[in-house]
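**Student:** Just a sequence and a predicted model for now, questions to come.
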Number of protein chains: 2
Amino acid sequence: MKIGVIGLGTVGYGVVEILTNEKTRLEKEMKQEIVIKYGCGLEEVDLPEEIIYTKDYHDVINDEEIDVVVELIGGTTIAKNIILEALNNKKHVVTANKALLAHYGKEIFQTAKANDVHIFYEASVGGGIPVLASQKESLIANNTKEIVGILNGTTNFILTLMENENLDFDEALSIADGLGYVEANPALDLDGIDAAHKICILAQNGYQKFVDFDQIQASGIRNVTKLDMDYAKKLGYRFKMIAQAKPVKDGLGIDVSATLVNLNELVANVMDSYNVVEIDNDYVNNIIYYGRGAGRYVTASAVVSDIMKTHQVERWSHDYEDCKHVYPISSSRYYVRASKPVDIPYETYYSEKDDHIYITEEIELTDLKNKLDDENAVIFKVRG
Amino acid sequence: MKIGVIGLGTVGYGVVEILTNEKTRLEKEMKQEIVIKYGCGLEEVDLPEEIIYTKDYHDVINDEEIDVVVELIGGTTIAKNIILEALNNKKHVVTANKALLAHYGKEIFQTAKANDVHIFYEASVGGGIPVLASQKESLIANNTKEIVGILNGTTNFILTLMENENLDFDEALSIADGLGYVEANPALDLDGIDAAHKICILAQNGYQKFVDFDQIQASGIRNVTKLDMDYAKKLGYRFKMIAQAKPVKDGLGIDVSATLVNLNELVANVMDSYNVVEIDNDYVNNIIYYGRGAGRYVTASAVVSDIMKTHQVERWSHDYEDCKHVYPISSSRYYVRASKPVDIPYETYYSEKDDHIYITEEIELTDLKNKLDDENAVIFKVRG
C-alpha cells in the first residue's frame, strides 16, 4: 500500500508519526508493506528520510504508484480539488474534512462511485470515536430512529468552565481561548456550525439521504447565561450544545442548539472537551459512543484506521437519495424564563426573584411563542 | 449469499425476523441476494415458507450452496462440533457463543485460518453494542492499554435494584428472577463467569494474545451488602461488577469483581441492565461504548451485521500468540470495612457505629491482608 499524505499540520504529522511507529505491527496485520511515499505541505517539516517532501499535490495524485491519498489540509476550495482529482485518478481517499463533506458530500461520493474507489472519513466526526464505521457497518441491520450528539469539544469545554468556575460566557470564552481551544474563526464552534457539519454527515450515513447543508439551522451557546444555567441545575438539567437528527414527515429534522438535558441522561454527564454520539435504532436502541473529539493522535488514529480500511472492505456504499426537506426540530419541551407568569402548558414551574421558569410540555415553537407573547422571554429546548 | 441458521431460540428467531423484514434494503446495500436457506433447531418454529426446516445440522453444514453458518444454540459441546465442521467445510461462521470462544477460541480461530474462512462473533460481547468490530478495525492504529467493562446485564440490574429500592442482595435477586432476568444456572451471571467469558474475548482481540480462560479469576456480586453499598455512596462511589484487563509484567492482568467506582466516572452511571465497555489506548484514550447487552433484537442485530461482514472484509486476523500468564489485578486501591481502626495507608477514612471504613492508597492485596490481620474485614476494589 503506497500512501500520499497531503497536509502536514497537527493531524497530518500525527498520521506520519503513527504509521512510522506502528509500521511493523500494521504490516503484519495487513499482510502487506505500508509505505508513505509523499508528504505534501506548504512548509517542509521534519519527515522520515524515506518520505518524499513536495509542495505540489499534483506530484501525489498523479503518481501511478499511489493507492491512497490522505487529504488533511481542510477547507472547501483546494481540498475539494485535491479529493475530486484524486478520485478521478482512481485513488482511494481518506479525509477528516467535515466542512467539505457537509457541503459537497454528494458530488464527492458520486465521483468515488463513478471511479470505483472508496472515500473514508471517520475522523470528520467525533475525532477518534469510531462512530461512522460502526454506524454504517455494525448497525447495518437497523433503521435509524434518532441521532443525538455533543459534537463540538470547544463549546462543551466552555459550558463546563461556566458551570464549574461560576463564569459568564464571555469570561469562559476568554479562558478557553487562552488555552488554545478556540479556532481562528470562533463562529464555527460557538454558533454551532462545526457541530452542524458533523450532524449533517451522521444524518447522511444514518438515513442514507443526501442532506443540503444550507437547510440546517444551527444556533450555538452565546445566549447561554450563568443565570439560566443555575436555574437549569436547580430543576435537574444541564446545558449542552445538542446536535440532533430524526425523520419528520417528508424529510429530516436536523438542528443544533443549546439545550437543557436531564442530569439522569449519560449525555448530560459528558464534560470538558469530550464528545458523545447517541444513536437510537429500531432493533438496537440507544447505543452511545463517547470519547475525545479532537487532538493530534486521536484524529490521526481515525485517519489511520481508514487508510487500513481502503484495503479491507469491498463495500462502503453512498447510493443515497436526496433528502427532500430539512427542518429544524421545533416540536419539543422547552425551558422558558419570563419576567411574569405566563399561560403555557407546563410540567414544572419554578420562580425566584422576578424570574418565572417553566419546563413546558411538548409544544411547537411557534405555538409557544404565540402563547408567550413576550419578546424578552428566554427559550431553550429540553431533553430527557 | 446463502445462510443457514442453527438454533431457532430467542436470538436465532430474531435473526430470521430481521433478515426477512430488512431483506430488500440489505440486498440493495450488499448488491446481492440474501437468502436464509435453512432454519435448524430441535423444535420446529413458524418459519417463512421459503426456509427449509431441519433438525439435523449436517443438512446445513454439508450443503455446498451454504456460504454462512450461523451458530446460535450456545453451549460448548454440540456448538463446538457445528462450528469446527462448518469451518472445515469452508463456510464462514457467525456466532454469539461467548463461552465457546472463551474456552476454545484458539482452536476455532486456527481452524478458520486453515480453511481461509472467517469467524465473526460481535454478538458474544455486549449484545448489540458494536465494540468488537470497532476494537479490531477502527482502533487498529492503537496498542490497547486497558479494557474495563460492565459486561453482565443481570448483575447490573440487581445492583441497581438494591440501590434504588433499598434491598439486600437476596431480595433483589428474587425480584430479578421473577422478571426473567436470571438464567437457569445463576452462577454464570452472579459469580462473574459470563463477564469473564466476555473480558477474555475482549482481551484476546485487544492484546492479540490467546488467553487461557481457566486462568481468569472471577468473583461476582453475592458478597455485596446493602451496608457496604450505603457506605460506598457516602464516600462518592457506586458498586459495579467490573471486568478488567491490562498488560502486566509477563502476561495480562484480567479479573472480574464487585468494585466501587467513583460516581464522577461515566461507567459508574451505567444502570439497570445496560452494559458499557471502556477501552483506553495509546493514541485514543478512553473510548466508551454503551448500550443494551442482551435481548432478542439487540443480539440479532449484531449477528446480522456479522453475516453482512462475511461478504465485506478481506481480513479479520486472529494470528495471536499465546498469553504466557494471566493474573488477577491485585494491585489496586481498596475499600476496607473493619470492626476496629487499622493501620493501613489510606486516602479516606470514615467511621459510623462500629464500622471503620477506609479507601486505601494503591496496595497489593496480599500486603493489605497482612497489614489488616483481620479475617472478618470486608474488602472490595476501588476505581476512579
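**Tutor:** Arrived safely.
**Student:** average pLDDT across the helix or strand residue A:102 falls within?
**Tutor:** Using DSSP states H and E, residue A:102 falls within helix A:98-114. In this model, helix A:98-114 carries a mean pLDDT of 96.
**Student:** May I ask you to confirm that residue A:10 is in contact with residue A:296?
**Tutor:** Yes: between residue A:10 and residue A:296 there is a contact at 4.9 Å, judged by C-beta atoms under 8 Å. Where you see a C-beta, it was placed from the backbone N, CA and C, and this is true even at glycine.
**Student:** Where does pLDDT dip in chain A?
**Tutor:** For chain A, the stretches with pLDDT under 70 are A:313-315.
**Student:** can you give me the helices in it?
**Tutor:** Assigned by DSSP state H, the helices in chain A fall at A:10-21, A:23-30, A:57-61, A:78-88, A:98-114, A:131-133, A:153-165, A:169-178, A:187-190, A:193-207, A:226-234, A:296-309, A:365-372.
**Student:** Export the ones you listed to a markdown table and append columns for distance to residue B:186 and mean neighbour count.
**Tutor:** Shown next, in a markdown table, are those (distance: least, C-beta to C-beta, whole Å; neighbours: other C-beta atoms under 10 Å in any protein chain shown):
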| stretch | distance to residue B:186 | mean neighbour count |
| --- | --- | --- |
| helix A:10-21 | 45 | 21 |
| helix A:23-30 | 40 | 15 |
| helix A:57-61 | 61 | 21 |
| helix A:78-88 | 56 | 20 |
| helix A:98-114 | 48 | 20 |
| helix A:131-133 | 36 | 28 |
| helix A:153-165 | 42 | 21 |
| helix A:169-178 | 51 | 16 |
| helix A:187-190 | 51 | 20 |
| helix A:193-207 | 39 | 26 |
| helix A:226-234 | 41 | 17 |
| helix A:296-309 | 40 | 26 |
| helix A:365-372 | 51 | 15 |
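**Student:** Distance to residue A:318 added to those helices, as a markdown table?
**Tutor:** Listed next are the helices of chain A as a markdown table, based on distance: least, C-beta to C-beta, whole Å:
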| stretch | distance to residue A:318 |
| --- | --- |
| helix A:10-21 | 23 |
| helix A:23-30 | 24 |
| helix A:57-61 | 21 |
| helix A:78-88 | 12 |
| helix A:98-114 | 4 |
| helix A:131-133 | 12 |
| helix A:153-165 | 27 |
| helix A:169-178 | 36 |
| helix A:187-190 | 25 |
| helix A:193-207 | 8 |
| helix A:226-234 | 39 |
| helix A:296-309 | 14 |
| helix A:365-372 | 33 |
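**Student:** For chain B, find the nearest of these.
**Tutor:** helix A:296-309 (3.8 Å; C-beta to the nearest C-beta).
**Student:** which helices and strands sit right next to that closest one?
**Tutor:** If you count contacts as 3 or more C-beta pairs under 8 Å, 6 or more residues apart in numbering or on different chains; DSSP states H and E, helix A:296-309 packs onto helix A:10-21, helix A:23-30, strand A:68-71, strand A:92-95.
**Student:** The third one - contacts with which helices or strands?
**Tutor:** Right, the one you point to is strand A:68-71. strand A:2-6, helix A:78-88, strand A:92-95, helix A:296-309.
**Student:** And the contacts of stretch A:179-198?
**Tutor:** With contact meaning C-beta atoms under 8 Å, 6 or more residues apart in numbering or on different chains, stretch A:179-198 is reached by A:98-99, A:101-102, A:124-126, A:149, A:151-155, A:157-158, A:173, A:176-177, A:213, A:216, A:218-222, A:241, A:243, A:254, A:256-257, A:273.
**Student:** So which residues on the stretch 251-384 of chain A come close to chain B?
**Tutor:** A:266, A:269-270, A:281-292, A:297-298, A:300-302, A:304-305, A:308-309, A:311-315, A:317, A:319 (C-beta under 8 Å from any C-beta of the partner chain).
**Student:** ok, 7 Å please
**Tutor:** A:266, A:269, A:283-292, A:297-298, A:300-301, A:304-305, A:308-309, A:312-315, A:317 (C-beta under 7 Å from any C-beta of the partner chain).
**Student:** For the nearest residue to residue A:42 once chain neighbours are set aside, give its distance to residue B:275.
**Tutor:** In space, and not counting its chain neighbours, residue A:42 is closest to residue A:55: 6.4 Å by C-beta to C-beta, 6 or more residues apart in numbering or on different chains. Between residue A:55 and residue B:275 the distance is 50 Å, computed by C-beta to C-beta, to the nearest Å.
**Student:** about what we covered before: and the helix holding residue A:102, what does it pack onto?
**Tutor:** For helix A:98-114, the packing partners by 3 or more C-beta pairs under 7 Å, 6 or more residues apart in numbering or on different chains; DSSP states H and E come out as helix A:78-88, strand A:119-120, helix A:193-207.
**Student:** quick one on the thing from earlier: can you list the helices and strands packed on helix A:296-309 in CSV and add distance to residue A:379?
**Tutor:** Listed next are these as CSV, based on distance: least, C-beta to C-beta, whole Å:
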stretch, distance to residue A:379
helix A:10-21, 38
helix A:23-30, 51
strand A:68-71, 40
strand A:92-95, 37
